[in-house]
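1. Need the 3D shape of this:
(one chain, ligands or ions: 2)
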Amino acid sequence: MAIERTLSIIKPDATNRNLTGKINAKFEDAGLRIVAQKRIKLSMEQAGKFYEVHAARPFYGELCEFMASAPVVVQVLEGEGAIAKNREVMGATNPKDAAAGTIRADFALSVGENSVHGSDAPDTAAQEIAYFFSGLELVG
Ligand code: ADP
Ligand code: MG
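-> Ligands and ions are numbered 1, 2, ... in the order given. I've put the predicted structure just below:
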């Protein structure tokens, strides 16, 4: 398996509850290296553009409002098969379906307020990393 990079976001429900450190510990314990990280507050427009792929889904407005409601921590995780590994550590979208010990099983409040985002494939990972980070911010 190749070394990959993936885009992760610690969402407002988690930053509001001071869970950044606990979530980062789960990434690091799984062998994912946090190679870039910043805490930012998204505008509605920035959240809307990030989640554009979901624009037709009924929860899109609610999702954008939630993502713009408080600071998020955007980060780049690196490691062997990082994209799939991160999805494993995150757990299923709906915390009711998430495996024990995953971030969403332990911390998510609901299917919408589910604590973390993670890219789902190499092409989306590359696009999403470039949305938040410049090459100069990725020092490895
Ligand atoms: P994932 O984040 O696991 O990749 P999706 O890409 O399907 O999941 O959805 C993006 C985000 O939209 C989810 O993480 C969640 O915050 C929100 N979402 C997904 N499904 C619903 C739903 N049925 N109701 C409300 N919000 C949802
Ligand atoms: Mg997704």
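2. from what I can see residue 109 touches residue 14, true?
-> No: look at residue 109 against residue 14 with Cβ atoms under 8 Å: they stay out of range, at 9.1 Å. From N, CA and C alone the C-beta is placed, and that goes for glycine too.
3. who touches both of these two?
-> Here residue 109 and residue 14 share the contacting residues residue 115, scored by Cβ atoms under 8 Å, 6 or more residues apart in numbering.
4. more neighbours, those two?
-> A direct count of neighbours by other Cβ atoms under 10 Å for residue 109 and residue 14 places residue 14 higher, at 24 against 15.
5. Which secondary structure element is home to that one?
-> Remark: residue 14 resides in helix 12-16, with elements defined by DSSP states H and E.
6. now swap in residue 75 and tell me
-> Per DSSP H and E: residue 75 is located in strand 72-80.
7. Ok, residue 22 next?
-> Per DSSP H and E, residue 22 falls inside helix 20-29.
8. can you check residue 87 too?
-> Assigned by DSSP H and E, residue 87 belongs to helix 82-90.
9. neighbouring contacts of stretch 57-75?
-> So stretch 57-75 is contacted by 7-13, 15-16, 20, 34, 36-44, 46-48, 50-51, 54, 112-113, 132-133 (Cβ under 8 Å, 6+ apart).
10. can you give me the helices for the chain?
-> Using DSSP state H, the helices of the chain run over residues 12-16, 20-29, 44-50, 60-67, 82-90, 103-107, 122-132.
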